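Enquirer: output the structure for:
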Amino acid sequence: MMCENNVRFNMLADFYEFTMSNGYFEKGKRDEIVYFDMFFRKIPDGGGFAIAAGLEQVVDYMENLKFDSDEIEFLRSKGIFSEEFLKYLETFEFSCDVYAVPEGTPIFPGEPILIVRGPAIQAQLLETMVLLTINHQSLIATKASRIVRAAQGRAVSEFGSRRAQGYSGALLGARAAYIAGCVGTSNTLCDMLYGIPSGGTMAHSWVQNFDSEYEAFKAYAEIYPDNCVLLLDTYNVLKSGIVNAVRVFNEVLVPRGFRPKGVRIDSGDITYLTKKLRKILDENGFSDCGIMVSNSLDEYIIRDTIVQGAQIDSFGVGERLITSKSEPVFGGVYKLVAVEDKNGRIIPKIKVSENVEKITLPHFKKVYRFYSNETGKAMADLVSLFDEQIDDSKPYTLFDPVYTWKQKEVDNFTAVNILKPVFIKGKLIYRKPRACDIREYCLAQIDTLWDEVKRFENPHKYYVDLTPKLWQIKTDLLKKYN
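Expert: This next block holds a predicted model:
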């Protein structure tokens, strides 16, 4: 798989992935079957849920994972890898089983969102790319979801390419933002590659490049009469910007049978200015002209302006979305949870830590989401062993895996395994959906969450529980190692 400047992604791995893989080969473990989980521990911004994103790029990476002669020669130059291991990489063939939650799925701490089962070397080499891809896009999708929900139905466009951390940060960040509910992006390449609507009108430089603001607006309206959005704050929004805009609307657009699409401001007191603009536009017969705002917005600023009565139809959100400025790290990890012995028996593995949140959940697992048949809302997630079946035709008792005396019996629900097969023995069986279909799915799944879970501050904790069998296996391993 290729990235910027024709550099291949295959070598985008922490160096210890190769040293461990060489060690597995030397110790006869190259074909040992292992299980890795990707999960995360903390929801960004203290939110109630996160959004899974990035699976398509992980799939592309896995489909194209091979090593060419230049890459083999580079590893040989390090002087620490055996020739037998390097020859193994020359004939590398991906053969893992992979399960993952679909992109756009609300996800919660502690539960596996991607599982890899396969030969130890292969599963180990995947770690860095799996984490950097899903961590990044899930982070941006989660932030975008908060911003979109703050806008309360008003359109939000992603405007952050120029402030993103690098080319892929701009491109894939825009993709993730769209998946989570943004209506489009300023990123043209994202439109070309993923079909995500791109748009934009003018910058302040356009206005400055003419002898007057009026001439700049007039020229733009003449060129784009059916999509005329004018930027009002190059000089003075109320004294010149809106005055010249209304003049151009009346002199250029209306006589030709067109209506203005909108005006935009990128600075100043958003609430005050938009109220004034709405009044002026309405008084001049342009009540159908939208008002767009930008300028370092986030979910809190958007929420506050709406509460204050700002007259805004759409938002352009840049740096605080594309970088998730308030919390720029999504803490997903990739941990070994089981190995198979020579007889194919699964041996659970656990990582123990004095930091309780770093204790891993052992074994090969499934994740069931319980949906109420009465309301359609998600009730809880249940992590089970891979071969456990949940009978949703009868009541089920959930219990808190930490405070085990806290129990709740639920009934009239449908249990859905949200981990879907992606690769089986290295063969892709997953149909990669279009970005617009992922977006539709994401919004529908967010709608299954209770409003209390979607609060920005002190959200209700969505429960991720364990089956008794899985809880017992974890408890026994903790006792063993302590």
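Enquirer: can you give the domain ranges for the protein?
Expert: 4-140+330-365+418-458, 201-314 (automatic domain parsing).
Enquirer: what about residue 301, how many neighbours?
Expert: 18 (other C-beta atoms under 10 Å). C-betas here are computed from N, CA, C, even on glycine.
Enquirer: what's the answer for residue 209, then?
Expert: Residues contacting residue 209 under the criterion other C-beta under 10 Å number 12.
Enquirer: got it, and residue 411?
Expert: Applying other C-beta under 10 Å, we find 11 other residues in the vicinity of residue 411.
Enquirer: and the closest residue to it other than its chain neighbours, its phi and psi?
Expert: Leaving aside its chain neighbours, residue 411 sits nearest to residue 395 (4.0 Å; criterion: C-beta to C-beta, 6 or more residues apart in numbering). Residue 395 adopts backbone torsions of phi -60, psi 150, taken as degrees, to the nearest 10.
Enquirer: so for whichever helix or strand residue 302 is part of, mean pLDDT?
Expert: If you go by DSSP states H and E, residue 302 is part of helix 299-307. When pLDDT is averaged along helix 299-307, the result is 97.
Enquirer: and that helix, how far from the chain's centre?
Expert: Helix 299-307 has its C-alpha centroid displaced from the chain centroid by 22 Å (C-alpha atoms, centre = their mean, to the nearest Å).
Enquirer: pull out the buried positions in that helix.
Expert: By 16 or more other C-beta atoms under 10 Å, the buried positions in helix 299-307 come out as 299-303, 305-306.
Enquirer: now do the contacts for the residue most central in space within the chain.
Expert: Centroid-nearest residue in the chain: residue 138, 2.7 Å away (criterion: C-alpha atoms, centre = their mean). Listed by C-beta atoms under 8 Å, 6 or more residues apart in numbering, the contact set of residue 138 reads 40, 50-54, 107, 176, 330, 332.
Enquirer: which one is residue 453 nearest to, not counting chain neighbours?
Expert: Residue 453 sits nearest to residue 48 (C-beta to C-beta, 6+ apart), 4.1 Å away.
Enquirer: correction: residue 55
Expert: Nearest non-adjacent residue to residue 55 (C-beta to C-beta, 6+ apart): residue 103, at 4.8 Å.
Enquirer: before we move on, the earlier item: helix or strand for the residue nearest to the centre of the chain, which one?
Expert: Using DSSP H and E, residue 138 sits in helix 127-150.
Enquirer: and whatever helix or strand comes next after that helix, how far out from the chain's middle?
Expert: The element immediately downstream of helix 127-150 (helix or strand, assigned by DSSP H and E) is strand 155-158. Centroid displacement of strand 155-158 relative to its chain, using C-alpha atoms, centre = their mean, is 16 Å.
Enquirer: quick check: mean pLDDT across strand 155-158?
Expert: Strand 155-158 carries an average pLDDT of 97.
Enquirer: ok, that strand: who's next to it in the sheet?
Expert: The pairing partners recorded for strand 155-158 under DSSP bridges are strand 184-185 (parallel), strand 314-317 (parallel).
Enquirer: for the nearest residue in space to residue 324 that is not next to it in sequence, what are its contacts?
Expert: Of all residues not flanking residue 324 in the chain, residue 143 sits nearest, at 4.2 Å (C-beta to C-beta, 6+ apart). By C-beta under 8 Å, 6+ apart, the contact set of residue 143 is 44-45, 177, 320-321, 324, 326.
Enquirer: can you get me a residue count around residue 395?
Expert: 11.
Enquirer: wait, it sits on residue 409?
Expert: Yes. Between residue 395 and residue 409 there is a contact at 5.2 Å, judged by C-beta atoms under 8 Å.
Enquirer: any idea how far the residue nearest to residue 324 is from residue 446?
Expert: Shown here: residue 143 relative to residue 446, a distance of 14 Å by C-beta to C-beta, to the nearest Å.
Enquirer: what about the helices in the stretch 151-300 of the chain?
Expert: Assigned by DSSP state H, counting those that start in this stretch, the stretch 151-300 of the chain shows helices spanning 167-179, 188-194, 204-208, 213-223, 242-248, 270-283, 299-307.
Enquirer: is it correct that residue 86 is in contact with residue 76?
Expert: Yes. Between residue 86 and residue 76 there is a contact at 5.9 Å, judged by C-beta under 8 Å.
Enquirer: which of those two has more neighbours?
Expert: residue 86 (17 against 12).
Enquirer: leaving out sequence neighbours, find the closest residue to the more buried one.
Expert: Closest residue to residue 86 apart from its sequence neighbours, by C-beta to C-beta, 6+ apart: residue 72 at 5.4 Å.
Enquirer: secondary structure class for the one you found?
Expert: For residue 72, the assignment made with DSSP: H, G, I helix; E, B strand; the rest coil gives helix.
Enquirer: about what we covered before: make CSV out of the strands paired with strand 155-158 and add distance to residue 248.
Expert: Output for those, formatted as CSV (distance: least, C-beta to C-beta, whole Å):
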stretch, distance to residue 248
strand 184-185, 25
strand 314-317, 20
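Enquirer: re the thing from before, next, count neighbours for the residue nearest to residue 453.
Expert: Neighbours of residue 48 (other C-beta under 10 Å): 22.
Enquirer: what's the first-to-last distance across stretch 232-250?
Expert: For stretch 232-250, the first and last residues are 16 Å from each other (C-alpha to C-alpha, to the nearest Å).
Enquirer: would you mark the buried spots in that stretch?
Expert: Applying 16+ other C-beta under 10 Å to stretch 232-250 flags 232-234, 237, 240-246, 248-249 as buried.
Enquirer: contacts for it next, please.
Expert: Residues from elsewhere that reach stretch 232-250 (C-beta under 8 Å, 6+ apart): 204, 207-208, 212-214, 217-218, 221, 228, 230-231, 260, 263-268, 273, 276-277, 280-281, 284, 286, 289.
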